[in-house]
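# model the following, please.
(chains A and B)
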Amino acid sequence: MGFDHWFFLTEVSNNQNIRMQENELLSGLIQNKQEAFRHLIELYQDKIFRVCNGLLQNREDAEEIAQDVFIEVYRSIQKFKGESSLSTWLYRIAVNKSLNRIKQNKSKNWLVFVDVLFPHSEQEAVKNRSFSVGPDKILERKESEGVVGEILNRLPENQRIAFTLHKYEDLPHKQIAEIMSVSIPSVESLIFRAKENIKKKYSDKLKR
Amino acid sequence: MKHTGHNTILWDYLAGNTGPEENERIEDHLKVCSACRKDLAELEMLEDFFSKSRAEKPSSQFMENTMLKLEEKKPIQPVETVFTRHELYLIGRKLAAVIVIGLVTGVLLVRFSSFGVKPETQSQDIASSWSYETMTGEEDLIAYESYFLTQNSDKNENQDE
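Down below sits the predicted model:
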């Protein structure tokens, strides 16, 4: 038996083991066993947190959203039809929840900006002046948080998702395509464009 | 090495995703191309950021906090349906038939019964058939007068008795 053949068999048996473990876990989750959920969190907490952190570029938000992902699984496990793997389903929930949080944050930032422009009272106006959240300050804060984080935040949504799943989780293109409900060539193109964009914007930042 | 899309190639090179032959080709090119060396240096800084980000983990209380939240939330149980889809289809079909029959019967009743048909002869007693909707102007006046007269004549007859 050649090395390649042995490697192939090992790979197949590993995949079978993973599938068996996943099936056992799934039946425990469907029966709402606390231990099954504990096991699920143990298995996926780092992965889900990484994806959320990659998309949100904020630790606190990422942790909160990652918790929400597991709560969502707990609440809707009965709806899981098994059409995709459990991990794909989890990643999909994580991506959707993170995107929702990004939208919420955008509207919050807009409200803060409106509050600064039109304060309700003189007291608030003084407070806003002393802790100004104007564009300059926002930029300063973002720079301190990290230039790369800012660049990632400004990437188009699809590029950001594909790049995060590829770079932070090292997921195969096939799984990324399943999570995003797009074709594999689309994923390849999104990752390529994201890499080019990030590099270009990073070079521009360094030139300034 | 072509410069179109070279960043992606360099990125793959840094991540160790290129084969030995390609590595050799990239390294040969880097020896002679200062622009690519600069790009590689920048990509190394980016890669450094991503490797640090990848190493980040949730807080140590993550598990306990999540389990506490789980205990607060109850799972959504699927609604147990009393009827199967086929049974629901049959019931719906019967219901639709009953509605159609009801409508047809209603239309026929209205068409062939006296209900809703304007009477051909009016009552002699105008006062008793007086209604606000059917009469206006002169008819009102005539009806009122005849009613008033009838009332008065009744009173007179009673008084005579």
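
# could you count how many residues lie near residue A:180?
Neighbourhood size, residue A:180 [other CB atoms under 10 Å in any protein chain shown]: 18. Backbone N, C-alpha and C define where each C-beta goes, glycine included.

# and if you look at the one 5 residues further on?
When neighbours are defined as other CB under 10 Å, residue A:185 has 10 of them.

# and it, which of the three is it?
Going by DSSP: H, G, I helix; E, B strand; the rest coil, the secondary structure assigned to residue A:185 is helix.

# pLDDT wise, what is it at?
Per-residue pLDDT puts residue A:185 at 96.

# what segments of chain A are helices?
Along chain A, the segments classed as helices by DSSP state H run A:3-30, A:34-56, A:59-76, A:86-117, A:122-130, A:135-145, A:147-153, A:157-167, A:173-180, A:184-207.

# what's the burial count for residue B:145?
Other residues close to residue B:145 by other CB under 10 Å number 12.

# gap between residue A:26 and chain B?
14 Å (CB to the nearest CB, to the nearest Å).

# just residue A:94 next, same as before
Residue A:94 is 12 Å from chain B, by CB to the nearest CB.

# just to revisit the earlier point, make CSV out of the helices of chain A and add distance to residue B:59.
Converted to CSV, these look like this (distance: least, CB to CB, whole Å):
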stretch, distance to residue B:59
helix A:3-30, 24
helix A:34-56, 9
helix A:59-76, 6
helix A:86-117, 17
helix A:122-130, 31
helix A:135-145, 19
helix A:147-153, 19
helix A:157-167, 21
helix A:173-180, 26
helix A:184-207, 28
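
# what's the most buried one of the ones you listed?
helix A:157-167 (a mean of 23; mean count of other CB atoms under 10 Å in any protein chain shown).

# which elements pack onto it?
helix A:34-56, helix A:86-117, helix A:147-153, helix A:173-180, helix A:184-207 (3 or more CB pairs under 8 Å, 6 or more residues apart in numbering or on different chains; DSSP states H and E).

# let's see it at 6 Å
helix A:173-180, helix A:184-207 (3 or more CB pairs under 6 Å, 6 or more residues apart in numbering or on different chains; DSSP states H and E).

# could those helices go into a markdown table alongside distance to residue B:106?
Rendered in a markdown table, the data for these read as follows (distance: least, CB to CB, whole Å):
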| stretch | distance to residue B:106 |
| --- | --- |
| helix A:173-180 | 55 |
| helix A:184-207 | 58 |
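
# show the subsequent helix or strand relative to the helix ranked longest in chain B.
Ranked by residue count under DSSP H, the longest helix found in chain B is helix B:85-112. Following helix B:85-112 in sequence order, the next helix or strand is helix B:138-160 (DSSP states H and E).

# that older thread, out of the helices and strands packed on helix A:157-167, which gets the lowest mean score?
Minimum mean pLDDT among the helices and strands packed on helix A:157-167: helix A:184-207, a mean of 91.

# pLDDT value on residue A:165, please?
For residue A:165, pLDDT reads 96.

# list the contacts of it.
For residue A:165, the contact set (CB atoms under 6 Å, 6 or more residues apart in numbering or on different chains) comprises A:171, A:176.

# and with 7 Å instead?
Residues in contact with residue A:165 (CB atoms under 7 Å, 6 or more residues apart in numbering or on different chains) are A:51, A:91, A:171, A:176, A:179.

# residues of chain A that sit close to chain B?
Chain A comes close to chain B at residues A:32, A:37-38, A:41, A:45-46, A:49-50, A:53-54, A:63, A:66-67, A:70-71, A:74-78, A:146, A:148, A:167-168, A:192, A:195-196, A:198-199, A:202-203, A:206, as judged by CB under 7 Å from any CB of the partner chain.

# do that again at 6 Å, thanks
A:32, A:41, A:45-46, A:49, A:63, A:67, A:70-71, A:74-76, A:78, A:148, A:167-168, A:192, A:195-196, A:199, A:202-203 (CB under 6 Å from any CB of the partner chain).

# stretch B:34-50 vs chain A: in contact?
Yes. Counting by CB under 6 Å from any CB, chain A is contacted by stretch B:34-50 at B:42, B:46, B:49-50.

# of the helices of chain A, which approaches residue B:71 most closely?
helix A:34-56 (8.4 Å; CB to CB).

# could you dump that closest one to PDB, C-alpha only?
Below are the C-alpha coordinates for helix A:34-56, written out as PDB (Å, rounded to 0.1, in the frame of the first residue of the first chain):
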ATOM      1  CA  GLN A  34     -27.100  20.800  28.300                       C
ATOM      2  CA  GLU A  35     -24.000  18.600  28.000                       C
ATOM      3  CA  ALA A  36     -24.300  18.600  24.200                       C
ATOM      4  CA  PHE A  37     -24.500  22.400  24.200                       C
ATOM      5  CA  ARG A  38     -21.500  22.600  26.500                       C
ATOM      6  CA  HIS A  39     -19.600  20.300  24.100                       C
ATOM      7  CA  LEU A  40     -20.700  22.400  21.100                       C
ATOM      8  CA  ILE A  41     -19.400  25.600  22.700                       C
ATOM      9  CA  GLU A  42     -16.100  23.900  23.600                       C
ATOM     10  CA  LEU A  43     -15.700  22.800  20.000                       C
ATOM     11  CA  TYR A  44     -16.700  26.000  18.200                       C
ATOM     12  CA  GLN A  45     -16.200  28.900  20.600                       C
ATOM     13  CA  ASP A  46     -12.800  29.900  19.200                       C
ATOM     14  CA  LYS A  47     -13.800  29.500  15.600                       C
ATOM     15  CA  ILE A  48     -17.000  31.500  15.900                       C
ATOM     16  CA  PHE A  49     -15.300  34.100  18.000                       C
ATOM     17  CA  ARG A  50     -12.500  34.500  15.400                       C
ATOM     18  CA  VAL A  51     -15.000  34.900  12.500                       C
ATOM     19  CA  CYS A  52     -17.000  37.500  14.500                       C
ATOM     20  CA  ASN A  53     -13.800  39.300  15.500                       C
ATOM     21  CA  GLY A  54     -12.600  39.300  11.900                       C
ATOM     22  CA  LEU A  55     -15.800  40.800  10.700                       C
ATOM     23  CA  LEU A  56     -16.500  43.200  13.500                       C
END
